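> need coordinates for the below:
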Amino acid sequence: MEALEAIRKRRSVRSYTGAPIPKEDLETIVDAGRLAASGSNKQPWEFIVVTERGMINQLKVASPWMDKAGAIIAVVMDPVSRWWLEDGAAAVENMLIAATALGYGSCWLEGYTLPREEEFKALLGIPKAKRLLTLVPIGVPAEWPTKAKKPLAEVLHWEKY
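As a prediction, the model looks like this:
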């Protein structure tokens, strides 16, 4: 799928079939995150790919609909970088687009992850000095949402607001 087509098609998918995802596809998705822009090229990220069903079942306390995800990617950030939040956001967006391009659904789950950050860090063995920015479930979509986005004319301004 072409990059702009994947950007246009990307939606938050919260319903999966439970089908496994090939390791090569997961590596491609994480590699897209690794290649994101980062402030001063610090690249303050690491990624944990979880495919083991028992661990997915433990992580799904953040959102029960994750139970049929083929994988969950934990995005681990080094807060020593001044721009760790922005860099992490860029990495996640790249992974969401890559997942879409490969035909998978995905969702950014930080609002449900952050309240359980310490619990999930312990579960995943993440060092205390690192931050868990988000969990990104990925899976074969059982359905593809079609929520409309605002039209370009509503959000685009030229020269001034």
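> which stretches in the protein count as helices?
For the chain, the helices defined by DSSP state H cover 3-9, 23-34, 53-59, 84-101, 110-113, 117-124, 152-155.
> and those, which is most packed in?
helix 84-101 (a mean of 22; mean count of other Cβ atoms under 10 Å). To be clear about C-beta, it is placed using only N, CA and C from the backbone, and glycine gets the same treatment.
> what does that one contact?
1, 3, 5-7, 9-10, 28-39, 42-45, 73, 75, 77-78, 81, 105-106, 108, 131, 133-134, 136, 138 (Cβ atoms under 8 Å, 6 or more residues apart in numbering).
> returning to what we had before: weakest of the helices of the chain by average pLDDT?
Of all the helices of the chain, mean pLDDT reaches its minimum on helix 110-113 (a mean of 83).
> what sits against residue 129?
Taking Cβ under 8 Å, 6+ apart as the criterion, residue 129 is in contact with 78-80.
> and the residues you listed as TSV, adding pLDDT, distance to residue 19 and neighbour count?
Converted to TSV, these look like this (pLDDT from 0 to 100; distance: Cβ to Cβ, whole Å; neighbours: other Cβ atoms under 10 Å):
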residue	pLDDT	distance to residue 19	neighbour count
78	98	33	17
79	97	35	13
80	95	38	10
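> of the residues you listed, closest to residue 50?
Checking the contacts of residue 129 against residue 50 by Cβ to Cβ gives residue 78 as the nearest, at 20.0 Å.
> from residue 87, how far off is the residue lying closest to that closest one once chain neighbours are set aside?
Using Cβ to Cβ, 6 or more residues apart in numbering and skipping residues adjacent in sequence, the residue nearest residue 78 is residue 44, 4.0 Å away. As judged by Cβ to Cβ, to the nearest Å, residue 44 and residue 87 stand 6 Å apart.
> give me the common contacts of the two.
38, 77, 81.
> can you put these in a markdown table and add neighbour count?
Shown next, in a markdown table, are these (neighbours: other Cβ atoms under 10 Å):
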| residue | neighbour count |
| --- | --- |
| 38 | 19 |
| 77 | 20 |
| 81 | 18 |
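> reformat the residues you listed as CSV; add pLDDT.
Below are those laid out as CSV (pLDDT from 0 to 100):
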residue, pLDDT
38, 97
77, 98
81, 93
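> wait, which of these is closest to residue 152?
For the shared contacts of residue 44 and residue 87, the nearest to residue 152 is residue 38 (28.0 Å; Cβ to Cβ).
> got a list of what the closest one touches?
Shown in contact with residue 38 (Cβ under 8 Å, 6+ apart): 44-45, 81, 83, 87, 90-91.
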